[in-house]
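Visitor: curious how this folds, go ahead:
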Amino acid sequence: MREPMQMVVGEGISTVFGRSIYLELNAPLQLLAMALAMRAEINDLESGEIEKMTRMNDYMRAWESWRAKALRQLQPEQRR
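Guide: Down below sits the predicted model:
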């Protein structure tokens with residue numbers, strides 16, 4: 001493969017879109033964290049912390065903003 005690929009899944013399009021946006025934003029931070037972790041111990045998340053983070057991934061407010069921005073960029077005849 002020429003370029004790295006990603007697959008994102010979620011309960012709906014707003015979740016998938018939000019996760020894909022933040023996946024790209026977080027990738028450089030992950031690389032930096034991995035480089036720093038070579039000098040420190042990493043503690044895994046506990047199950048309660050994972051559940052809390054999963055519930056927080058509601059992108060509906062951000063989705064409305066992203067959707068409105070995309071619709072503004074469309075030609076008038078493409079909008080619905």
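
Visitor: and Ser36, what element?
Guide: Small correction: residue 36 is Leu, not Ser. Element membership for Leu36, per DSSP states H and E: helix 13-37.

Visitor: what's that helix in contact with?
Guide: Gln6, Val8, Val9, Gly10, Asn57, Asp58, Tyr59, Met60, Ala62, Trp63, Trp66 (CB atoms under 8 Å, 6 or more residues apart in numbering). For every residue, glycine as well, the C-beta is placed using N, CA and C.

Visitor: in this protein, which ranges drop under the pLDDT threshold?
Guide: Within the chain, the ranges that satisfy pLDDT under 70 run 1, 54-57, 75, 77-80.

Visitor: centroid residue for it?
Guide: Geometric centre of the chain, nearest residue: Arg19, 2.4 Å, by CA atoms, centre = their mean.

Visitor: now the helix holding Leu36, how far from the centre of its chain.
Guide: Remark: helix 13-37 is offset 6 Å from the chain centroid, using CA atoms, centre = their mean, to the nearest Å.

Visitor: quick one: name whatever helix or strand follows it.
Guide: From helix 13-37, the next helix or strand downstream (DSSP H and E) is helix 47-56.

Visitor: next structured bit after that following helix?
Guide: helix 60-73.

Visitor: run through who's touching that next one.
Guide: If you take CB under 8 Å, 6+ apart as the criterion, helix 60-73 is touched by Ile13, Ser14, Phe17, Gly18, Ile21, Arg79.
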